[in-house]
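Trainee: Build me a model:
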Amino acid sequence: MRKNAVIQILLAAGLIASTPLAHAATNLVYCSEGSPAGFDPGQYTTGTDFDASAETLFNRLTQFERGGTAVIPGLAERWDVSEDGLTYTFHLRDGVKFHTTEYFKPTRDFNADDVLFTFQRMLDKQHPFRKAYPTEFPYFTDMSMDSNIAKVEKIDAKTVRFVLNEVDAAFIQNLAMSFASIQSAEYADELLKKGKPQEINQKPIGTGPFVFSRYQKDSQIRFKGNKDYWKPEDVKIDNLIFSINADASVRMQKLKAGECQVTLFPRPADLESLKKDANLNMPSQAGFNLGYIAYNVTHKPFDKLEVRQALDMAVNKQAIIDAVYQGAGQLAVNAMPPTEWSYDDTIKGTEYDPEKAKALLKAAGIAEGTEITLWAMPVQRPYNPNAKLMAEMLQSDWAKIGIKAKIVSYEWGEYMKRSKAGEHDAMLIGWSGDNGDPDNWLGTLYGCDAVNGNNFSKWCDKPYDKLIKAAKRTTDQAQRTELYKQAQQIIKREVPITPIAHSTVYQPMRKNVQDFKISPFALNSFYGVGIGQ
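Mentor: Predicted coordinates:
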């Protein structure tokens, strides 16, 4: 009786919860591989940044279905396209709320003003917010959207019209990509008035399924489930925590110990032990990705085709596939994966021939012992499970033809920033497709408009560029395929890159994780994901 009386007193005082009414918080810990450079998706191009921002905090006008490439309505319920393919009218969703946090409380729902702010900031370098917080939007410009969007108009509070200068066959898919995440115009105005516009990248506000709580670099990011999300059935987690660790073995240990429920990029050597763990699931799928070497053609001696050809044929790709990918990779011969439509399967891989490579270098006047830098990523990516080992193998391969490669690495954010600035000679990099369209490879990675962004070779070939731009301007898939095949032949001939591998994507997780979908775009999304007992 005395014990029951104590419990009644505690219940009355609110010090413990009544069991029938209690709600056990659901927490999901995701062991991630790196720290995001920031939380403004428009500024970035990597999955590490997008996982922590676009996939958790934001929505876009159009979105990709979970685990697929089909485009579905997002913040736009529907859209109309004019007969000439130049005008897109978006009808916006009612009742969508921006996040309420300790640093911002919205006074209105999402509307056309937010769409205008999001895109006009990227289009107009004189935009007040962009002048106050100078930033570049590499994805937006790499895809020529800055030059192709003629105007964005507000028809009314719930209707927005985009007018294009030229047909863009992938426009709807492009708007579903992470960089096109919709920002709050009201929040931006508030930041401008406070003189703190940079906080849009540090204290994000979106409409997405999770609300930003706090971030400790190289340690963790904490999010809360958005109780006001416009699609409430997609929010099944109360607390989402990104636990950051660049060491794959540490991530796998934490997963096995139950300290996190989902992780990514296991080392190939760990796959068998992970598959045998009774507490884990190991879904996998063929990777829509490419790991490659980019040669900076603005640096000598990479401006010479013979040098690029020599380095390409001196790479023992099969040895790299065996040692780095360990059965979880497929030899790459082309500038995009074979699962992408318009892939030219007549292109064959370069034969490994160190002796011919030496002869090419000699003919090009390259002295034996010439020194170059070879940049290697500090983190695992879907397309490269071990850049350090790969770099060491390349260093050995190139030494056999008289090229001395010094391996260079930086923290991931710095690596991307410096490489986009063109500081490297040769670098390891890669790509996971973002929208299922060939332009996302052939334009975004190798086009002239991408030279200051994701075109790490800094290669601008006018005939090539003419082909890929013509392909974007037609909606006829057969015609686009023919143009893209011609473009792939030019890349093969000019060797701005050496394709290495397409890797299989594995996503280790605890068995109590419910309805997680592997993204074909190598993103990690937790909306719609639940945790069981």
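Trainee: From Ile72, how far out is the residue nearest to Phe171 when sequence neighbours are not counted?
Mentor: Once flanking residues are discounted, Phe171 sits nearest to Tyr88: 6.5 Å by CB to CB, 6 or more residues apart in numbering. For every residue, glycine as well, the C-beta is placed using N, CA and C. To Ile72, Tyr88 is 16 Å away according to CB to CB, to the nearest Å.
Trainee: Which strand residues bridge the residue nearest to Phe171?
Mentor: Beta bridges link Tyr88 to Val81, Phe162 when assigned by DSSP bridges.
Trainee: Tyr88 and Ile72: which is more packed in?
Mentor: Per other CB atoms under 10 Å, whichever of Tyr88 and Ile72 has more neighbours is Tyr88, with 23 against 11.
Trainee: contacting residues for the more buried one?
Mentor: Contacts for Tyr88 (CB atoms under 8 Å, 6 or more residues apart in numbering) come out as Trp79, Asp80, Val81, Ser82, Arg161, Phe162, Leu164, Phe171, Ile172.
Trainee: mind running it again at 6 Å?
Mentor: Listed by CB atoms under 6 Å, 6 or more residues apart in numbering, the contact set of Tyr88 reads Trp79, Val81, Phe162.
Trainee: for the protein, which helix is longest?
Mentor: Taking DSSP state H as the criterion, the chain has its longest helix at helix 477-494.
Trainee: which parts of that one are buried?
Mentor: Of all the residues in helix 477-494, those buried under the rule 16 or more other CB atoms under 10 Å are Arg480, Thr481, Leu483, Tyr484, Lys485, Gln486, Ala487, Gln488, Ile490, Ile491, Lys492, Glu494.
Trainee: re the thing from before, any of the contacts of Tyr88 buried? List them.
Mentor: Buried among the contacts of Tyr88 by 16+ other CB under 10 Å: Trp79, Phe162.
Trainee: which of the contacts of Tyr88 lies closest to Thr263?
Mentor: Closest approach to Thr263 among the contacts of Tyr88 (CB to CB): Trp79, at 36.7 Å.
Trainee: Check the burial of the closest residue to that closest one other than its chain neighbours by counting its neighbours.
Mentor: Leaving out its chain neighbours, the residue that sits closest to Trp79 by CB to CB, 6+ apart is Phe90, at 4.8 Å. Neighbour count of Phe90, defined by other CB under 10 Å: 26.
Trainee: for Gly447, same thing?
Mentor: Applying other CB under 10 Å, we find 26 residues neighbouring Gly447.
Trainee: and what of Gln309?
Mentor: Gln309 has 20 neighbouring residues, counting by other CB under 10 Å.
Trainee: Contact partners for it?
Mentor: The neighbourhood of Gln309, defined by CB under 6 Å, 6+ apart, consists of Leu360, Val495.
Trainee: so the longest strand seen in the chain versus helix 477-494, what angle?
Mentor: Longest strand in the chain, counting residues (DSSP state E): strand 497-506. With axes from the mean of the first three to the mean of the last three CA atoms, to 10 degrees defining the directions, strand 497-506 sits at 120 degrees from helix 477-494.
Trainee: right, and the helix or strand after strand 497-506?
Mentor: The helix or strand immediately downstream of strand 497-506 is strand 509-510, counting by DSSP states H and E.
Trainee: List the contacts of that following strand.
Mentor: Gln261, Val262, Asn281.
Trainee: Now do the same for that strand: mean pLDDT, whole number.
Mentor: For strand 509-510, mean pLDDT is 98.
Trainee: ok, back up a step: which single one of the buried residues of helix 477-494 is nearest to Val307?
Mentor: In terms of CB to CB, no member of the buried residues of helix 477-494 lies closer to Val307 than Glu494, at 12.2 Å.
Trainee: Quick one: the helices in the stretch 51-200 of the chain, in order.
Mentor: For the stretch 51-200 of the chain, the helices defined by DSSP state H, counting those that start in this stretch cover 54-57, 112-123, 128-132, 138-142, 145-148, 171-175, 185-194.
Trainee: What average pLDDT does the last one get?
Mentor: Across helix 185-194, the average pLDDT comes to 98.
Trainee: Report the angle between it and helix 112-123.
Mentor: If you take the same axes, to 10 degrees, helix 185-194 sits at 60 degrees to helix 112-123.
Trainee: Which residues belonging to helix 185-194 are considered buried?
Mentor: Within helix 185-194, the residues scored as buried using 16+ other CB under 10 Å are Ala185, Glu186, Tyr187, Ala188, Glu190, Leu191, Leu192.
Trainee: Reformat those as a markdown table; add distance to Phe521.
Mentor: Conversion of the buried residues of helix 185-194 to a markdown table gives the following (distance: CB to CB, whole Å):
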| residue | distance to Phe521 |
| --- | --- |
| Ala185 | 28 |
| Glu186 | 30 |
| Tyr187 | 27 |
| Ala188 | 27 |
| Glu190 | 32 |
| Leu191 | 30 |
| Leu192 | 33 |
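Trainee: Considering these, which is situated nearest to Met252?
Mentor: Taking CB to CB as the measure, Met252 lies nearest Tyr187 of the buried residues of helix 185-194, at 38.6 Å.
Trainee: Can you report phi and psi for the closest residue to that closest one other than its chain neighbours?
Mentor: Nearest non-adjacent residue to Tyr187, counting by CB to CB, 6+ apart: Ile205, 4.5 Å away. Main-chain dihedrals, Ile205, degrees, to the nearest 10: phi -130, psi 120.
Trainee: Could I get the contacting residues of Ile205?
Mentor: Each residue near Ile205 by CB under 6 Å, 6+ apart is listed here: Phe98, His99, Phe104, Ser184, Tyr187.
Trainee: one more time with 7 Å
Mentor: Phe98, His99, Thr101, Phe104, Ser184, Tyr187 (CB atoms under 7 Å, 6 or more residues apart in numbering).
Trainee: Most neighbours among these, which one?
Mentor: Phe98 (26 neighbours).
Trainee: State the pLDDT value of Pro463.
Mentor: 98.
Trainee: what helix or strand does it sit in?
Mentor: Applying DSSP H and E, one finds Pro463 within helix 462-472.
Trainee: Report the angle between that helix and helix 477-494.
Mentor: When the same axes, to 10 degrees is applied, the directions of helix 462-472 and helix 477-494 differ by 160 degrees.
Trainee: Can you tell me how far Ser284 is from Gly258?
Mentor: Separation of Ser284 from Gly258 (CB to CB): 22 Å.
Trainee: Would you mind telling me which of these two has the busier surroundings?
Mentor: Comparing Ser284 with Gly258 by neighbour count (other CB under 10 Å), the higher total belongs to Ser284, at 15 against 11.
Trainee: Show me what the more buried one is bridged to.
Mentor: Bridge pairing for Ser284 (DSSP bridges) gives the partners Tyr506.
Trainee: Quick one: residues contacting it.
Mentor: Each residue near Ser284 by CB under 7 Å, 6+ apart is listed here: Thr504, Val505, Tyr506.
Trainee: Filter those residues down to the buried ones.
Mentor: Of the contacts of Ser284, these count as buried by 16+ other CB under 10 Å: Thr504, Val505, Tyr506.
Trainee: which one of those sits closest to Gly67?
Mentor: Val505 (11.8 Å).
Trainee: thought the closest one was touching Phe288?
Mentor: No - Val505 is beyond contact range of Phe288, at 8.3 Å (criterion: CB atoms under 7 Å).
Trainee: joint contacts of the two?
Mentor: By CB under 7 Å, 6+ apart, no residue touches both Val505 and Phe288.
Trainee: coming back round to it: neighbour-wise, which of the contacts of strand 509-510 leads?
Mentor: For the contacts of strand 509-510, neighbours were counted using other CB under 10 Å, and Gln261 has the most, 24 neighbours in all.
Trainee: Do I have it right that it meets Val29?
Mentor: Yes - counting by CB under 7 Å, Val29 is a contact partner of Gln261 at 5.8 Å.
Trainee: Contacts for stretch 103-123, please.
Mentor: 42, 61, 75, 92, 95-98, 100, 127, 129-130, 137, 140, 146, 149, 152, 154, 156-160, 182-188, 190, 203, 205, 207.
Trainee: same check, this time on stretch 419-431
Mentor: Contacts of stretch 419-431 with the rest of the structure, by CB under 7 Å, 6+ apart, involve 138, 289-296, 298-299, 302, 372-377, 381, 383-384, 387, 390-391, 441, 445, 452-453, 456, 458.
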